[in-house]
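Asks: whatever this is, show me its structure:
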Amino acid sequence: MTKRNPQKTYFLLSLALGAPLLLMILYTLQANLLTAWLLTWGFVTFGLYGYDKAQAKIGGGRVPERVLHAFTLGGGFLGAWIGRVIFHHKTRKPIFLVILLISTGFWLGLVYLYYVGIG
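Replies: This is a model prediction of the structure:
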């Protein structure tokens with residue numbers, strides 16, 4: 001029997017849940033790709049934070065930190081911020097704040113360039 005890799009499992013499961021959500025936001029809300037992307041991965045990241053906090057409370061299988069970082073950097077920074085506040089989760093580990101600040105700066109810069117443009 002092979003042992004499952006939790007990083008791969010949570011990452012692929014989150015992508016599988018996020019892809020239909022992305023399409024739904026794109027086509028039902030008629031959102032542009034950047035907005036739909038940020039909303040989708042924000043929801044997914046928020047869900048991962050909530051699930052991981054619930055698992056932490058009961059001693060269950062946790063979402064690997066690399067997966068939380070990947071989705072935060074991949075556009076889920078809004079969900080990570082909200083998840084930190086609502087679930088009081090990952091607030092004691094400085095690396096989470098560092099990655100969250102880097103992600104926020106990158107994505108807000110991209111949003112600025114997309115909507116306002118240069119000059």
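Asks: hey, let's count contacts and neighbours off CA atoms from now on
Replies: Will do.
Asks: and residue 14, what does it touch?
Replies: Shown in contact with residue 14 (C-alpha atoms under 8 Å, 6 or more residues apart in numbering): residue 44.
Asks: with the one 5 residues further on instead?
Replies: Taking C-alpha under 8 Å, 6+ apart, we find residue 19 in contact with no residue.
Asks: let me know the pLDDT of it.
Replies: You'll see residue 19 listed with a pLDDT of 96.
Asks: buried ones in the helix or strand it falls within?
Replies: Per DSSP states H and E, residue 19 falls inside helix 6-28. Judged by neighbour count using 16 or more other C-alpha atoms under 10 Å, the buried positions of helix 6-28 are 7, 10, 11, 14, 18, 21, 22, 23, 25, 26.
Asks: stretch 61-78 now?
Replies: For stretch 61-78, using 16+ other C-alpha under 10 Å, the buried residues are 62-64, 67-69, 71-78.
Asks: do the same with stretch 30-45
Replies: Buried residues in stretch 30-45 (16+ other C-alpha under 10 Å): 31, 34, 36, 37, 38, 39, 40, 41, 42, 43, 44, 45.
Asks: look at residue 86 and give its secondary structure.
Replies: When classified by DSSP: H, G, I helix; E, B strand; the rest coil, residue 86 comes out as helix.
Asks: one step back: just the buried residues of stretch 30-45 now: which is nearest residue 54?
Replies: Nearest to residue 54 among these is residue 45, at 14.2 Å by C-alpha to C-alpha.
Asks: next one, pLDDT for the closest one please.
Replies: Confidence score, pLDDT, at residue 45: 97.
Asks: and if you look at residue 115?
Replies: 88.
Asks: the one 4 residues further on now?
Replies: Reading off the confidence values, residue 119 has pLDDT 53.
Asks: give me the neighbour count for residue 107.
Replies: Residue 107 has 20 neighbours, counted by other C-alpha atoms under 10 Å.
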